[in-house]
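K.L.:
got a structure for you, letters missing:
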C-alpha cells in the first residue's frame, strides 16, 4: 500500500501565457499544495505589468506552479528551489517537456540557498513555504539583508489564513493583501 501512495501523482494546470491549459503531473507528497488557480490568476493580474522579462525566484517551489506560470507569461528566467528531490525532479521534467532552457531547479533548503547571493538580483520572488513552520519572517529578512532583490522587486508571500502575518523589512511596501479559503496572500514591493 505504501508503494502505491508514493507513485500517485497530482496535476496542476498552467492558466495563462504560452503554455496555457497545459497539465503537468507532480508528486503527491504530504503538505504539498499548489497555489489554487484563482489565487494564481489574481496574483498574475497584479504582476501583469512586471512579469515580462523578469528574473524570478520560486523559493519553496513545491509543484513549481508559481514559477512555471511566470515563465509561461514571459518571465526571462526562473530559479526554483525546493528541499525535496522528487519535487525538483518533477519541475526539471516539466521544464524539459515545455522546452524551457531559461530555468533551473536546485534541491536545497531555502536557508541553505540564501547563504550565497546570486550573480544578479531577482525582480520577482515567490514565497510559499509549508504553512505553520514560521519560515516567512527569517526568509524575508535574509532576502533583504543580502543582494537577492533588485531595487523595486516584487515579493509574493503566501501563508495560512490563521497564521500571524510575517514581519517584513521596513522598506517593503504592501501593495496587495487578500484571502481565499484557508490562504492569505500578499504582494510587497521593495523600495530601494
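P.N.:
Noted; the coordinates are in hand. What you see is a predicted model; the values in this text were computed from it and never measured. Numbers count the residues shown, from 1 in each chain.
K.L.:
now for the longest helix along the chain, which elements pack on it?
P.N.:
When the chain is scanned for its longest helix (criterion: DSSP state H), the result is helix 85-97. In terms of contacts (3 or more CB pairs under 8 Å, 6 or more residues apart in numbering; DSSP states H and E), helix 85-97 is packed against strand 23-27, helix 65-72, strand 77-82, strand 103-107. In short, each C-beta sits where N, CA and C put it, glycine included.
K.L.:
determine the longest strand present in the chain.
P.N.:
Criterion DSSP state E: the longest strand present in the chain is strand 149-160.
K.L.:
now it: average pLDDT?
P.N.:
Averaged across strand 149-160, pLDDT comes to 96.
K.L.:
distance between it and the chain's centre?
P.N.:
10 Å (CA atoms, centre = their mean, to the nearest Å).
K.L.:
wait, residue 142 sits on residue 114?
P.N.:
Yes - with contact defined as CB atoms under 8 Å, residue 142 and residue 114 form a contacting pair (4.4 Å).
K.L.:
residues shared between the contacts of those two?
P.N.:
residue 148 (CB atoms under 8 Å, 6 or more residues apart in numbering).
K.L.:
looking at the two, which is more packed in?
P.N.:
The residue with more neighbours, out of residue 142 and residue 114, is residue 114; 21 against 16, by other CB atoms under 10 Å.
K.L.:
quick one: contacts for that one?
P.N.:
Taking CB under 8 Å, 6+ apart, we find residue 114 in contact with 59, 139, 142, 143, 146, 148.
K.L.:
and those residues, which is closest to residue 103?
P.N.:
Among the contacts of residue 114, residue 59 lies closest to residue 103 (CB to CB), at 13.8 Å.
K.L.:
count of neighbours near that closest one?
P.N.:
Residue 59 has 26 neighbours, counted by other CB under 10 Å.
K.L.:
measure it to residue 67 for me?
P.N.:
From residue 59 across to residue 67, the span is 10 Å (CB to CB, to the nearest Å).
K.L.:
and the helix or strand hosting residue 188, what does it pack against?
P.N.:
Assigned by DSSP states H and E, residue 188 falls within strand 183-190. When contacts are defined as 3+ CB pairs under 8 Å, 6+ apart, strand 183-190 packs onto helix 37-46, strand 149-160, strand 172-180.
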